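Asker: Predicted model and sequence follow; I will ask about them next.
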Number of protein chains: 8
Amino acid sequence: MNITVYLAGQIHDNWRQKIKEKASSLNLPLHFVGPMENHERSDNIGEEILGEQPTPVLKDEAASKLNNLRTQILLSKSDVVIALFGEKYKQWNSAMDASTAITLQKPLILIRPESLHHPLKELSQKAHITVETVDQALQALAYIFDES
Amino acid sequence: MNITVYLAGQIHDNWRQKIKEKASSLNLPLHFVGPMENHERSDNIGEEILGEQPTPVLKDEAASKLNNLRTQILLSKSDVVIALFGEKYKQWNSAMDASTAITLQKPLILIRPESLHHPLKELSQKAHITVETVDQALQALAYIFDES
Amino acid sequence: MNITVYLAGQIHDNWRQKIKEKASSLNLPLHFVGPMENHERSDNIGEEILGEQPTPVLKDEAASKLNNLRTQILLSKSDVVIALFGEKYKQWNSAMDASTAITLQKPLILIRPESLHHPLKELSQKAHITVETVDQALQALAYIFDES
Amino acid sequence: MNITVYLAGQIHDNWRQKIKEKASSLNLPLHFVGPMENHERSDNIGEEILGEQPTPVLKDEAASKLNNLRTQILLSKSDVVIALFGEKYKQWNSAMDASTAITLQKPLILIRPESLHHPLKELSQKAHITVETVDQALQALAYIFDES
Amino acid sequence: MNITVYLAGQIHDNWRQKIKEKASSLNLPLHFVGPMENHERSDNIGEEILGEQPTPVLKDEAASKLNNLRTQILLSKSDVVIALFGEKYKQWNSAMDASTAITLQKPLILIRPESLHHPLKELSQKAHITVETVDQALQALAYIFDES
Amino acid sequence: MNITVYLAGQIHDNWRQKIKEKASSLNLPLHFVGPMENHERSDNIGEEILGEQPTPVLKDEAASKLNNLRTQILLSKSDVVIALFGEKYKQWNSAMDASTAITLQKPLILIRPESLHHPLKELSQKAHITVETVDQALQALAYIFDES
Amino acid sequence: MNITVYLAGQIHDNWRQKIKEKASSLNLPLHFVGPMENHERSDNIGEEILGEQPTPVLKDEAASKLNNLRTQILLSKSDVVIALFGEKYKQWNSAMDASTAITLQKPLILIRPESLHHPLKELSQKAHITVETVDQALQALAYIFDES
Amino acid sequence: MNITVYLAGQIHDNWRQKIKEKASSLNLPLHFVGPMENHERSDNIGEEILGEQPTPVLKDEAASKLNNLRTQILLSKSDVVIALFGEKYKQWNSAMDASTAITLQKPLILIRPESLHHPLKELSQKAHITVETVDQALQALAYIFDES
């Protein structure tokens, strides 16, 4: 039995890479998907496909359409979602994806520093579990397969 | 035919009051619901009902349970959701409620200043419409009932 | 028991008015909803609320957001949908609304002249019934309440 | 992870072949399905299986049953839908299939020439993205798999 | 709290009338709906609305469309379904309506003589309860409102 | 806006009466439903309607059918569920009803003495909130209507 | 792409064997499932597993539980349902399974002799297509895979 | 066709091992999943991942989050659920998991000694079948694959 994991959250550092490597070193049957991690390309993908747009707002609209297309397809094929929040990048997108998962009855693992407990308290209650590190999130997934 | 509207977003000024008054002056058959608008009580409701909690995190957890209970019941009885975002209060809760509505196939009206177009571009694409003022959101609702 | 009926289709003549009057004369407990029937306003509603748009495409985008908001709210509150197709106005919107209804397991009554049987054959098969006149559609609704 | 794509739209030229060849040349893990592309057989399939029908309308009814059977099975197994509209073939079926996909929360990529923006404005708003060429639609799908 | 009850089953005697009168004499807050009970009209309703049909099969097809329209609308507005089977009228329609209710998670009360226990054993297992008389079915509904 | 509350749990004391009286004294727009509270009748209802059964197991089966019929109808019409667990009556039925509510995305308020925290820890996590007294459960419901 | 087909209907002759052999000779990627075809075992399976039952009704109840378990699991894994009705075996079970499929939005192919058109007219309207022979049903499935 | 089976119930003896061995010896295409069977680890998993908790209640809360995460993921990937109840371990969790399965329309096989028929009578009615031994439950699953 394989489990597909959508990794929601900021795309400014390599936290996804770390979680993938650790899962691989533990031989866990996990398959990871997520958003485009190249931030610049994520912002430009609308113009890349649809051509130059007349205003920054329209450039953003075009990009967001492609990003939403990617997210919806990959999220719908996932069994569980990990959403990471950090001090620096407090993205609404992460809350949006996390809430979509919960409403679709897909389990959610929330990663956030304790310093963010107050603004994330309602989302944290909706999550299956809230942890503080990427390692803890992976331990939670590993537990699904443990036999003893 | 009456329409119930959930008003998601910050609870630091009286934007909900303004929308209710205008709807009333226009005789629109709208019924508004939303979160507890007394911010202090919203933060303290957990301890008010469950008693003093040992730590601030646990106080927050207790409060968030009551706030989520209220939101889920009222959101499930609503026909449409308005979510307001502002420069000052960039709440993840608003994104969470907005995304819940969309996933449940309830229409979403997003209110945000144009200055926030970039961080909200993906949520804006999921909304039925994005406007910049409370008045515009109410005009959108009024249009549902117009006959000519 | 009241039944709410969404009237999808062209907005260039008064077919909705005729169906409402006949239902009223028969004292049927039917409540009718539908799109904005003032065509010009339907096309301009985006600019009316959001202000002038830089291009005709963007004007259309703005209008369609408001029209979709109205349709989704009213369709979700309806028990049955009537979709009218005619020689002159072969709107894709009517097919879109009809198909939405069917997918949501809401019954569909299709009205079309026999001359359109070929291009509408697949949609007609999905409908609960296909008739040729507005009167027949109303007779079908009346039958729901007949006791003998 | 493979993605299944339903190709809705006219069956009068080889646009599906072009999209399949390009996907193949890019080694994208896409599997394409769609309606019967042999127009004559699509029109005759009812009589082919059920025998000669007494009238053209009944011949059409018989054919549409088989075409709907095929569409529903293949659409239900798809992850995303591409619907192509053109100047020449303004099929209601394409709008019907596109709307079915959206209502089932399957993403929709709409292809249409800009000249059709007005009659397709509401469907375009429901789509995840609207493009003008088959190549752009394939680029949108390729983006789902890109890592950087 | 009112409860709407769909009465599925044969339309050859007045069992529905008896159940309605008894509910009324007990002042139960029940509202009953069901199919057209005038058998001849039920068979002719297609031609009544659509005009004379060329063959008996097509007459039947036309009638069944109207009967299905009525059933789907009324069943979708019901809270519980009673389906009556008898020695004489072994209608597939009753099994069809009963199964629709169960699949939609609406409770089903099955009425059948014990002599039919073998051919109805699988449907009986799916029902919430199987009884042998109309009176017992009404007692089951009355129990919902009893306070002691 | 009225809210319907299903009161799940033991039927051996008058906790439901207390909650109803308090809600009434506070003028809360709450409507309460629940199982048959007369324990003896709840156990005998199968034989009351279906006649004497040959064995105690069959008597139980008959009774449970009626109790499930009542629960499913009333639960499906409720907006929120309160489930009470106590030291003395550790009913599986309460867990069953509570879990049904959660799976249907209806909010759950769990009442249990702290002494039961260990065996109820997984159910408690699924609940929107866990409290220890009937009064606290009612306060939670009252909070839904509070404006400040 | 493989398609799983549930074969509902009587178990008194080898119609399922014929359809499987023909599908195999045509190399169609179809996988067939269905009820226990050994009639005697289907009737006795309850006692086989649960032991001798005190009455014929209870023997039937026990058997029907196992048959329903099998049907629900296999039907839920199917993409399409074929239901066969014949002069001799007018099983309510076939109507029950056919209606379950339709309500779950799984396509239904109905096989029945024309002589049964009247009692099956409503179910026939709900089916995607009604044919008269097993061969026609298989042709309908083959059409799903045809490319020209 | 493989079938995935979730084994709900107590984790104090090796009943799951027995069912797996027997399925294996019969070459049944069954894949079994279930909760963590190491009771001590199941109770400690919260502190294992999140670190020491200040109180036993909080230790329980932490553990239950991980156990619920595991259950929801594995249950959602299962085709059928077996829930075992025994004299000694009358866990509410088993009733919770059983009820979740039923509400999601996944079939339930209940195993319980006859001595527990009274307190489990309502849950037993919701199950597809109630048996008394692990062997009988496996026979029920084997029946799904039997051809004669």
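Answerer: Looks like it arrived, so ask away.
Asker: Tell me where chain A has strands.
Answerer: Under the criterion DSSP state E, strands of chain A are mapped to A:3-9, A:30-33, A:80-84, A:108-111, A:129-131.
Asker: didn't residue A:77 look like it was pressed against residue A:2?
Answerer: No. When contacts are counted by CB atoms under 8 Å, residue A:77 is not listed as touching residue A:2 (11.4 Å). To be clear about C-beta, it is placed using only N, CA and C from the backbone, and glycine gets the same treatment.
Asker: Compare these two and say which is more crowded by neighbours.
Answerer: Higher neighbour count among residue A:77 and residue A:2: residue A:77, with 15 against 9, using other CB atoms under 10 Å in any protein chain shown.
Asker: For the more buried one, which non-adjacent residue is spatially closest?
Answerer: Once flanking residues are discounted, residue A:77 sits nearest to residue A:4: 5.9 Å by CB to CB, 6 or more residues apart in numbering or on different chains.
Asker: Now tabulate the strands of chain A in CSV and tack on mean neighbour count and mean pLDDT.
Answerer: Listed next are those as CSV, based on neighbours: other CB atoms under 10 Å in any protein chain shown; pLDDT from 0 to 100:
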stretch, mean neighbour count, mean pLDDT
strand A:3-9, 22, 97
strand A:30-33, 18, 98
strand A:80-84, 26, 97
strand A:108-111, 25, 98
strand A:129-131, 23, 98
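Asker: which one of those lies closest to residue D:29?
Answerer: Closest of those to residue D:29 is strand A:30-33, at 12.5 Å (criterion: CB to CB).
Asker: Return the distance of that closest one from the chain's centre.
Answerer: Distance of strand A:30-33 from the chain centroid (CA atoms, centre = their mean, to the nearest Å) equals 11 Å.
Asker: close to chain D, is it?
Answerer: Yes. Judged by CB under 8 Å from any CB of the partner chain, strand A:30-33 and chain D are in contact via A:31, A:33.
Asker: what pairs with that strand, and is each one parallel or antiparallel?
Answerer: Strand pairing for strand A:30-33, using DSSP bridges, gives strand A:3-9 (parallel).
Asker: Let me know the angle separating the strand it pairs with from strand A:80-84.
Answerer: If you take axes from the mean of the first three to the mean of the last three CA atoms, to 10 degrees, strand A:3-9 sits at 20 degrees to strand A:80-84.
Asker: what's the closest of the strands of chain A to residue A:40?
Answerer: Short answer: strand A:3-9, nearest of these by CB to CB, at 17.7 Å.
Asker: Excluding covalently adjacent residues, which one is nearest to residue A:69?
Answerer: Residue nearest to residue A:69 in three dimensions, not counting chain neighbours: residue D:128, with 4.4 Å by CB to CB, 6+ apart.
Asker: Run a quick neighbour tally on the one you found.
Answerer: Neighbours around residue D:128, by other CB under 10 Å: 25.
Asker: One more: residue A:46?
Answerer: 23.
Asker: per-residue confidence for it?
Answerer: Predicted confidence (pLDDT) for residue A:46: 98.
Asker: Surely it and residue A:55 touch.
Answerer: No. Residue A:46 is beyond contact range of residue A:55, at 11.9 Å (criterion: CB under 8 Å).
Asker: Find residues that contact each of these two.
Answerer: Taking CB atoms under 8 Å, 6 or more residues apart in numbering or on different chains as the criterion, residue A:46 and residue A:55 do not both touch any residue.
Asker: Point me to the residue sitting farthest from the middle of chain A.
Answerer: Here chain A reaches farthest from its C-alpha mean at residue A:54, the gap being 30.6 Å by CA atoms, centre = their mean.
Asker: Chain neighbours aside, what residue packs nearest to that one?
Answerer: Residue nearest to residue A:54 in three dimensions, not counting chain neighbours: residue C:54, with 6.8 Å by CB to CB, 6+ apart.
Asker: how close does the one you found sit to residue A:58?
Answerer: 9 Å (CB to CB, to the nearest Å).
Asker: Same question for residue A:70.
Answerer: In terms of CB to CB, residue A:70 sits 19 Å off from residue A:58.
Asker: So for the two, which sits in the more crowded spot?
Answerer: When residue A:70 and residue A:58 are compared on other CB under 10 Å, the one with more neighbours turns out to be residue A:70, at 24 against 18.
Asker: gap between stretch A:69-81 and the chain center?
Answerer: Relative to its chain's centre, stretch A:69-81 lies at 10 Å (CA atoms, centre = their mean).
Asker: To clarify, my last question referred to stretch A:124-137.
Answerer: Taking mean C-alpha positions (CA atoms, centre = their mean), stretch A:124-137 and its chain are 12 Å apart.
Asker: do stretch A:30-45 as well
Answerer: On CA atoms, centre = their mean, the centre of stretch A:30-45 falls 10 Å from the chain's centre.
Asker: For it, buried residues please.
Answerer: Residues of stretch A:30-45 classed as buried by neighbour count (16 or more other CB atoms under 10 Å in any protein chain shown): A:30, A:32-37, A:41-43, A:45.
Asker: Pull up the distance across it, start to finish.
Answerer: Terminal residues of stretch A:30-45 lie 28 Å apart, using CA to CA, to the nearest Å.
Asker: what are the bridge partners for the residue nearest the centre of chain A, then?
Answerer: Nearest residue to the geometric centre of chain A (CA atoms, centre = their mean): residue A:8, 0.8 Å. Beta-bridge partners of residue A:8, counted by DSSP bridges, are residue A:83.
Asker: gap between it and residue B:47?
Answerer: If you go by CB to CB, the gap between residue A:8 and residue B:47 works out to 32 Å.
Asker: Ok, residue A:27 next?
Answerer: Taken as CB to CB, the span from residue A:27 to residue B:47 is 46 Å.
Asker: more neighbours, the two?
Answerer: Taking neighbours as other CB under 10 Å, residue A:27 and residue B:47 compare with residue B:47 leading, 14 against 8.
Asker: if I pick that one, what's in contact with it?
Answerer: Neighbouring residues of residue B:47 by CB under 8 Å, 6+ apart: B:53, B:59, B:62-63.
Asker: And the lengthiest helix in chain A, what does it pack against?
Answerer: Criterion DSSP state H: the longest helix present in chain A is helix A:56-76. Judged by 3 or more CB pairs under 8 Å, 6 or more residues apart in numbering or on different chains; DSSP states H and E, helix A:56-76 is in contact with helix A:39-50, helix A:92-103, helix B:121-126, strand D:129-131, helix D:134-145.
Asker: can I get these in TSV with distance to residue B:134?
Answerer: Output for those, formatted as TSV (distance: least, CB to CB, whole Å):
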stretch	distance to residue B:134
helix A:39-50	29
helix A:92-103	20
helix B:121-126	17
strand D:129-131	30
helix D:134-145	35
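Asker: who wins for proximity to residue H:123 among these?
Answerer: helix A:92-103 (27.3 Å).
Asker: near chain D at all, that closest one?
Answerer: No. Under the criterion of CB under 8 Å from any CB, helix A:92-103 makes no contact with chain D; the nearest approach is 10.3 Å.
Asker: Would you tell me which residues of chain A are close to chain B?
Answerer: Proximity of chain A to chain B (CB under 8 Å from any CB) is limited to residues A:56-57, A:60-61, A:63-65, A:67-68, A:71, A:85, A:90-100, A:102-104, A:114, A:117-126.
Asker: Out of the residues you listed, which end up buried?
Answerer: Here, 16+ other CB under 10 Å leaves A:60-61, A:63-65, A:67-68, A:71, A:85, A:90-100, A:102-103, A:117, A:119-126 buried among the residues of chain A next to chain B.
Asker: Quick check: residues of chain A near chain F?
Answerer: Within chain A, the positions lying close to chain F (CB under 8 Å from any CB) are residue A:105.
Asker: And whichever residue of chain A sits closest to chain C, its phi and psi?
Answerer: Chain C sits closest to residue A:54 of chain A, with a gap of 6.8 Å, by CB to the nearest CB. The phi and psi torsions at residue A:54 (degrees, to the nearest 10) take the values phi -70, psi -30.
Asker: how close does residue A:49 get to residue H:109?
Answerer: 51 Å.
Asker: let me redo that: residue A:63
Answerer: In this view, residue A:63 and residue H:109 are 50 Å apart by CB to CB.
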